[in-house]
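J.: just to be clear, the model below is a prediction. Sequence and coordinates:
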Amino acid sequence: MSSSTQNQTNGSNGSNIEISSPYYLGSSDNPSTILVSKLFDGIGFTAWKRSMTLALSAKNKLCFVDGSMNPPAASSDLIHAWNRVNSMVISWILNSLNKEIAESVLFLQTAKEIWFELRERYSQSNGTLIYQVQKKLYSINQGSEDFSSYFTKIKKIWDELKMIQEVPACTCESAALFNKFMEEQRLIQLLMGLNDSYKAIRGQILMMNPLPNISTVHSLLIHEERQRDISSNPNVVTEAMAMQVNQSSKRNLNCSHCKKSGHVKSTCYRLNGFPADFKFTKSKKMDSMANNVVDNSQSISPEQYKQLMQLLNNNSGSTQINSVITDGSMDTAGPFIEG
């Protein structure tokens with residue numbers, strides 16, 4: 001395909017239409033396209049109108065609805081192209097309306113007529129809109145939301161208010177002062193809606209001179225929120241401190257029976273018996289200790305000694321060792337190595 005073919009499309013009578021022309025329709029343009037994410041159901045016309053305006057402007061078709069382009073003469077070579085694009089824009093508008101509203105404007109002839117009909121039917125006066133948005137703005141508060149959600153909600157209201165007020169752009173010296181005034185007003189509104197838990201940092205922000213911009217305050221409050229999340233989840237630090245304190249406390253204990261540290265007489269294994277999961281230290285020194293047990297005991301039998309040595313070598317059977325130690329058949333004063 002040649003470059004001229006890629007950059008042009010044929011209208012009626014073979015006339016070429018440039019891509020930059022509002023009459024141009026690309027291969028991706030089709031009547032089933034839905035330009036907005038939410039169908040208009042009669043509520044929130046301002047937001048719907050804004051979304052449609054952006055979408056039509058991106059497709060270079062806004063002139064078909066805002067009245068800036070009139071249809072060509074019936075004898076013009078462009079009349080066929082105009083009718084084609086007009087029908088396409090009508091389809092896009094109808095696809096963005098719910099069924100009831102779409103049916104009520106279905107038989108209007110041009111996209112401009114449908115657009116103006118919807119505006120007359122659902123658009124409110126600026127005074128009423130400004131009142132509703134301002135009322136919503138001054139009643140907003142953080143509540144149970146985190147700061148990010150609260151900021152997103154109030155930022156949306158600011159943008160909506162800015163759109164319906166239609167403040168003209170100005171490049172004079174007073175413009176900077178006016179923009180600073182509006183920025184400070186929004187900052188106060190933002191701080192007013194914060195929960196009382198932000199009272200301290202809110203006071204610090206208000207004490208700054210000059211007042212910071214909203215972007216700076218947003219960063220400060222996000223940082224504050226993250227610090228609170230860290231402080232409200234101290235489980236890891238607390239557990240580590242508890243283990244350290246526990247180990248330190250054990251080192252200060254001393255048993256009056258076995259003369260070892262880490263426990264007291266009432267919990268001494270030599271008096272109360274070793275637990276089933278107790279691990280004895282397996283070493284050559286243990287063998288000599290076991291021999292000392294035999295030398296110091298008068299009542300242990302050769303069979304018991306053999307059984308004891310087998311259990312010690314296997315490093316298991318601590319429950320059976322306990323029975324040997326605690327049933328009175330072996331002297332409990334002998335040395336043991338605890339794991």
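T.: Everything's here; your move. Residues are numbered from 1 along each chain as shown.
J.: so where's the stretch 201-339 of the chain uncertain?
T.: Counting by pLDDT under 70, the stretch 201-339 of the chain contains low-confidence residues at 231-252, 276-302, 305, 312-339.
J.: one more pass at 80, please.
T.: Where the stretch 201-339 of the chain drops to pLDDT under 80, the residues are 229-254, 256-339.
J.: my read is T171 is in a helix, agree?
T.: No. According to DSSP: H, G, I helix; E, B strand; the rest coil, T171 belongs to no helix; its state is coil.
J.: tell me the pLDDT at it?
T.: At T171, the model reports a pLDDT of 71.
J.: and for K38?
T.: K38 is assigned a pLDDT of 88 by the prediction.
J.: number of nearby residues for it?
T.: K38: 12 surrounding residues under other C-beta atoms under 10 Å. All C-beta atoms are positioned from the backbone trio N, CA, C, and that covers glycine.
J.: how about the nearest residue to it, chain neighbours excluded?
T.: W48 (7.5 Å; C-beta to C-beta, 6 or more residues apart in numbering).
J.: does N141 really touch L191, like I thought?
T.: No. Checked against C-beta atoms under 8 Å, the pair N141 and L191 is beyond contact range at 11.2 Å.
J.: any regions of the stretch 1-150 of the chain where pLDDT drops low?
T.: Low-confidence segments of the stretch 1-150 of the chain, defined by pLDDT under 80: 1-16, 44, 123-129.
J.: domains in this structure, by residue range?
T.: Per automatic domain parsing, the domain ranges recorded for the chain read 3-122, 126-231, 235-267, 271-339.
J.: before we move on, back to that, for S57, see how far away the residue nearest to K38 is.
T.: 15 Å (C-beta to C-beta, to the nearest Å).
J.: now do Q189
T.: With distances taken as C-beta to C-beta, Q189 is found 30 Å from S57.
J.: now the phi/psi pair for the closest residue to L35 other than its chain neighbours, please.
T.: Counting by C-beta to C-beta, 6+ apart, L35 lies nearest to A55, which is 3.8 Å off, once chain neighbours are set aside. Here is the backbone geometry of A55 (degrees, to the nearest 10): phi -70, psi -40.
J.: pretty sure A55 is touching V36, no?
T.: Yes. At 6.6 Å, A55 counts as touching V36 under the criterion of C-beta under 8 Å.
J.: helix, strand or coil: sort out I34 for me.
T.: coil.
J.: who are the neighbours in contact with it?
T.: 92, 95-96 (C-beta atoms under 8 Å, 6 or more residues apart in numbering).
J.: so which of those residues are in helices?
T.: Among the contacts of I34, the ones falling in helices (DSSP state H) are 92, 95.
J.: quick one: the strands in the protein?
T.: Ranges of strands in the chain, per DSSP state E, are 8-10, 16-18.
J.: for the last one, which strands pair with it and how are they oriented?
T.: Applying DSSP bridges, strand 16-18 is found paired with strand 8-10 (antiparallel).
J.: now do the helices in the stretch 1-150 of the chain.
T.: Taking DSSP state H, counting those that start in this stretch to define them, one finds helices in the stretch 1-150 of the chain at 3-6, 45-58, 79-95, 99-104, 111-122, 126-139, 147-165.
J.: redo the ones you listed as CSV? Include distance to T267 and mean neighbour count.
T.: Output for those, formatted as CSV (distance: least, C-beta to C-beta, whole Å; neighbours: other C-beta atoms under 10 Å):
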stretch, distance to T267, mean neighbour count
helix 3-6, 88, 8
helix 45-58, 71, 16
helix 79-95, 79, 19
helix 99-104, 79, 13
helix 111-122, 80, 17
helix 126-139, 64, 13
helix 147-165, 51, 15
